[in-house]
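Peer 1: Sequence and predicted structure below; questions after.
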Amino acid sequence: MIADFKKRFYISLLVTLPILIFSPMIQSFLNYELSFPGVMYVLFVLATFIFFYGGKPFLTGSVAELKQKNPGMMTLIALAIVVAYVYSSLTVFGLSGNNFFWELATLIDIMLLGHWIEMRSVMGASNALEELVKMMPSEAHLIDDNSGEVKDVKVSSLQHGNKVLVKPGEKVPVDGSIVKGQSSVNESMLTGESVPVDKEVEDEVIGGSINGEGSITIQVEKTGEESYLSQVVTMVKEAQESRSKTQDLSNRAAKWLFYVALTAGLATLVIWLALGYPLSYALERMVTVMVIACPHALGLAAPLVVARSTALSAKQGLLIRNRANFEEARKVQSIVFDKTGTLTEGEFGITEIVTEDGYDKTELLQVAASLEAQSEHPIARGIVEEAKQQNVSFHEPEQFESMTGKGLKGNVDGKEILIVSPGYIKEQNINFQTEAFNELSEQGKTVVFVLIDNQLAGMIALADKVRESAERAIARLKEMNVQSMMLTGDNEKVAQWVAKQLNLDEVVAEVLPHEKAEKVKEIKGKGLKIAMTGDGVNDAPALANADLGIAIGAGTDVAMETADVILVKSNPEDVVSILELSTSTYKKMIQNLWWAAGYNIVTIPLAAGILYPIGIVLSPAIGAVLMSLSTVIVAINARLFKG
Ligand SMILES: Nc1ncnc2c1ncn2[C@@H]1O[C@H](COP(=O)(O)OP(=O)(O)OP(=O)(O)O)[C@@H](O)[C@H]1O
Ligand SMILES: [Cu+]
């Protein structure tokens, strides 16, 4: 496409030269005379060539637009050059008046040049996505399973389970896990995090990241389309193509501009004729108006900015999935955070085990860990970790059952075990050591209760760390006048403790998973624009219900599927970045809409000849220069967008 415009431009330009040299009007400007019999016919033939050859992209483009019943810039340009060409040709064959072949030729030249330059700038603004793709290396060192020999193969030929060697300083070719060696890996191109991450055996590495000083062997887990990077690229592409309000607005404006241009063009024609000017002169003014009003920068103003901002943000680990909701993010007034894993690290460690009479700590830990080994909950991981460290033996549970938002149930060694929340204990009116419990909770520790054969056996206290980044994020939100709220399934006292640490505006504790979505709806009902941030499966309904759903961290797939934005890093500060990015993207788009459409307020009257009294009249070619300029400015402005 680009090469085609370039070729058509150069050839048309060459053919334009003789037209200029032999045009009577140019000759009178430059005060020379050069002619031969039948020169008119030669000019006609040359101009016809330019009209059909150079004008072809515009003529076919207009046919396509009219077929779609969506007349736009191509139709305007086609109309302009057809009018100029038909009128000039008629004068050659008898109609009285002057031809303006040279105007037609230069107009087409400039149009071709303009569209060529502009396509290049457009490519520049939208190729941020391609940079992401380029991060993938094309070759990998495959280790033969039998001989252990290393040979270089194409990444596309790798299969699951293959082992590949990654040497120091090389790019990791595929997603996989380390089976040998250790190193630090730079994942900044995927997460924006510039500090290299230490990786050892069993750790996951992502294709496209850069290996540090160590040599590692990785086992291939995901290739091609499945790989993290291609999923990011697909996601960004989808977001770029998805509809948005601003886009709809500018499309509608572009439609309007078409009719404005047409009307303004006809009015110009009529007025100049009424003022007694020759038809050729009036037509020239009309053609200029139509060319200058070409609404085509308008169609690009928003998509270029969006292409840029979605791709840029993807590189910082902010993945935008739903553009329309992202655009509205700048209006968010209240953000609801989930506690565990979002505001806190989500990494629990056991701090105390308090037993009831007749039970010992190791026994408690053993049954608890045996049951929790079946669960993915952060609490479960903390308990299992501690048991492993104490070398407690695990026993396979039977009839395992998880009670969402409340705890777990199952049989271990023939005994019925329950691990449950304080809420559940209170609900069942079971007596427990209230004082010890209160003391632990007030220190911000999450306490779970263990029941053996319906008898309370004791409680396990676990501590999680509040993220420092959460504190900074909430402070910044305060500055932006955005309310921060926390929703948690955890106990009230723990929630209060976290809220105090982080200076949160509001907390709601002991909410069951399905109640999170209802709570979100309730806040929305108060007329507040709300964003919800969470990581777990139990957050998914709430994410879907919020005006803006933000999935944090690698999170669960369900959370990612329902979210409008995914934050690759588990950093609450990125929530602030999303809001800021939404604001700056919107600003840039509006700015671009002005460059694209607003400039018509000045140029249409100018093209119509309003400054004729002081001697300023634009030729169609100058009109074409100005309209191209507007598009190029829009493209450059989008490219300057840094987030
Ligand atoms: N695997 C488990 N082991 C023990 N207790 C559990 C388990 N899962 C849930 N619970 C109990 O149920 C409560 C609520 O759990 P839920 O998963 O809904 O929220 P949470 O993870 O504590 O907090 P957040 O809503 O902030 O993520 C927990 O605080 C805990 O008391
Ligand atoms: Cu145009």
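Peer 2: Done, it's in. Numbering: from 1, shown residues only. Ligands and ions are numbered 1, 2, ... in the order given.
Peer 1: Kindly provide the whole-number mean pLDDT of stretch 437-446.
Peer 2: The average of the pLDDT scores along stretch 437-446 is 92.
Peer 1: So what's the gap between that stretch and the chain middle?
Peer 2: Distance of stretch 437-446 from its chain centroid, counting by Cα atoms, centre = their mean, to the nearest Å, is 41 Å.
Peer 1: first vs last residue of that stretch, how far apart are they?
Peer 2: 10 Å (Cα to Cα, to the nearest Å).
Peer 1: Now it: buried residues?
Peer 2: Across stretch 437-446, burial judged by 16 or more other Cβ atoms under 10 Å covers F437, L440, S441, G444, K445, T446. No exception for glycine: its C-beta is placed from N, CA and C like everyone else's.
Peer 1: same check, this time on stretch 228-237
Peer 2: For stretch 228-237, using 16+ other Cβ under 10 Å, the buried residues are Y228, L229, S230, V232, V233, M235, V236.
Peer 1: Work out for me the element the fourth one sits within.
Peer 2: What it means is V232. Per DSSP states H and E: V232 is located in helix 228-241.
Peer 1: From ligand 2, how far out is L90?
Peer 2: Separation of L90 from ligand 2 (Cβ to the ion, to the nearest Å): 27 Å.
Peer 1: Confirm that residue sits in a helix?
Peer 2: Yes - the assignment for L90 by DSSP: H, G, I helix; E, B strand; the rest coil puts it in a helix.
Peer 1: And the strands in the stretch 251-400 of the chain, which stretches?
Peer 2: Assigned by DSSP state E, counting those that start in this stretch, the stretch 251-400 of the chain shows strands spanning 318-320, 334-338, 349-355, 398-403.
Peer 1: got the contact list for the longest one?
Peer 2: The one in question is strand 349-355. Under the criterion Cβ atoms under 8 Å, 6 or more residues apart in numbering, residues 361, 364-365, 382-383, 385-386, 433, 436, 440, 445, 457-463 lie in contact with strand 349-355.
Peer 1: Can you name the residue of this protein nearest to ligand 1?
Peer 2: Nearest to ligand 1, among the residues of the chain, is G489, at 2.5 Å (Cβ to the nearest ligand atom).
Peer 1: mind listing what A47 touches?
Peer 2: With contacts taken as Cβ under 8 Å, 6+ apart, A47 has the following neighbours: I19, Y85, S88, S89, F101, L104, A105.
Peer 1: Relative to L59, which of those is nearest.
Peer 2: If you rank the contacts of A47 by distance to L59 using Cβ to Cβ, Y85 comes first, at 10.3 Å.
Peer 1: pull the CA atoms of the helix or strand where that closest one lies into PDB?
Peer 2: Under the criterion DSSP H and E, the helix or strand holding Y85 is helix 73-92. Coordinates of each C-alpha in helix 73-92 appear next as PDB, following Å, rounded to 0.1, in the frame of the first residue of the first chain:
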ATOM      1  CA  MET A  73     -12.800  11.500   2.600                       C
ATOM      2  CA  MET A  74     -12.300   9.400  -0.500                       C
ATOM      3  CA  THR A  75     -15.600  10.500  -1.900                       C
ATOM      4  CA  LEU A  76     -14.800  14.100  -1.300                       C
ATOM      5  CA  ILE A  77     -11.400  13.900  -3.000                       C
ATOM      6  CA  ALA A  78     -12.900  11.900  -5.900                       C
ATOM      7  CA  LEU A  79     -15.600  14.500  -6.300                       C
ATOM      8  CA  ALA A  80     -13.100  17.200  -6.300                       C
ATOM      9  CA  ILE A  81     -10.800  15.700  -8.900                       C
ATOM     10  CA  VAL A  82     -13.700  14.500 -11.100                       C
ATOM     11  CA  VAL A  83     -15.100  18.100 -11.200                       C
ATOM     12  CA  ALA A  84     -11.700  19.500 -12.000                       C
ATOM     13  CA  TYR A  85     -11.000  16.900 -14.700                       C
ATOM     14  CA  VAL A  86     -14.400  16.900 -16.400                       C
ATOM     15  CA  TYR A  87     -14.700  20.700 -16.500                       C
ATOM     16  CA  SER A  88     -11.100  21.200 -17.900                       C
ATOM     17  CA  SER A  89     -11.600  18.500 -20.500                       C
ATOM     18  CA  LEU A  90     -14.800  20.100 -21.700                       C
ATOM     19  CA  THR A  91     -13.000  23.300 -22.300                       C
ATOM     20  CA  VAL A  92     -10.600  21.500 -24.500                       C
END
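Peer 1: Output the contacting helices and strands for that helix.
Peer 2: Where contact means 3 or more Cβ pairs under 8 Å, 6 or more residues apart in numbering; DSSP states H and E, helix 73-92 is packed against helix 39-53, helix 56-67, helix 101-126, helix 245-274, helix 279-292.
Peer 1: out of these, which comes closest to ligand 2?
Peer 2: helix 101-126 (6.7 Å; Cβ to the ion).
Peer 1: touching ligand 2 at all, that closest one?
Peer 2: No - Helix 101-126 does not reach ligand 2 (Cβ under 5 Å from the ion); its nearest approach is 6.7 Å.
Peer 1: angle of the helix holding Y85 against helix 39-53?
Peer 2: Relative orientation of helix 73-92 versus helix 39-53 (axes from the mean of the first three to the mean of the last three Cα atoms, to 10 degrees): 160 degrees.
Peer 1: how far does helix 73-92 sit from the chain's center?
Peer 2: That offset, for helix 73-92, works out to 42 Å (Cα atoms, centre = their mean).
Peer 1: picking that back up, output the strands of the stretch 251-400 of the chain as JSON lines; include the columns distance to ligand 2 and mean pLDDT.
Peer 2: Listed next are the strands of the stretch 251-400 of the chain as JSON lines, based on distance: least, Cβ to the ion, whole Å; pLDDT from 0 to 100:
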{"stretch": "strand 318-320", "distance to ligand 2": "29", "mean pLDDT": "85"}
{"stretch": "strand 334-338", "distance to ligand 2": "42", "mean pLDDT": "92"}
{"stretch": "strand 349-355", "distance to ligand 2": "64", "mean pLDDT": "94"}
{"stretch": "strand 398-403", "distance to ligand 2": "61", "mean pLDDT": "87"}
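Peer 1: need the ones you listed in a markdown table with distance to L298 and mean neighbour count, can you?
Peer 2: Shown next, in a markdown table, are the strands of the stretch 251-400 of the chain (distance: least, Cβ to Cβ, whole Å; neighbours: other Cβ atoms under 10 Å):
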| stretch | distance to L298 | mean neighbour count |
| --- | --- | --- |
| strand 318-320 | 23 | 25 |
| strand 334-338 | 34 | 26 |
| strand 349-355 | 58 | 18 |
| strand 398-403 | 55 | 13 |
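Peer 1: hmm, back to that, could I get the buried residue list for the helix holding Y85?
Peer 2: 73-85, 87-89, 91.
Peer 1: Stretch 5-16 now?
Peer 2: F5, K6, R8, F9, S12, L13, V15, T16.
Peer 1: Would it count as contacting ligand 2?
Peer 2: No - against ligand 2, stretch 5-16 shows no contacts by Cβ under 5 Å from the ion, the least distance being 12.1 Å.
Peer 1: which residues are in contact with that stretch?
Peer 2: 46, 49-50, 53-54, 56-57, 102, 105-106, 108-109, 112-113, 115-116, 119.
Peer 1: from the residues you listed, which would you call buried?
Peer 2: Counted by 16+ other Cβ under 10 Å, these give 46, 49-50, 54, 57, 102, 105-106, 108-109, 112-113, 115-116, 119 as buried.
Peer 1: circling back to that earlier point, distance check, the residue of the chain closest to ligand 1 against V448.
Peer 2: Plainly put, G489 is 12 Å away from V448 if you go by Cβ to Cβ, to the nearest Å.
Peer 1: Equivalent analysis for I616, please.
Peer 2: I616 is 82 Å from V448, by Cβ to Cβ.
Peer 1: low-confidence ranges in the stretch 451-600 of the chain?
Peer 2: Of all residues in the stretch 451-600 of the chain, those with pLDDT under 70 make up the ranges 536-537, 553-560.
Peer 1: Kindly report the same for the stretch 51-200 of the chain.
Peer 2: In the stretch 51-200 of the chain (pLDDT under 70), the answer is 118, 121-135, 189-190, 192-194.
Peer 1: change it to 80
Peer 2: 72-73, 94-100, 111, 114-115, 117-137, 187-195 (pLDDT under 80).
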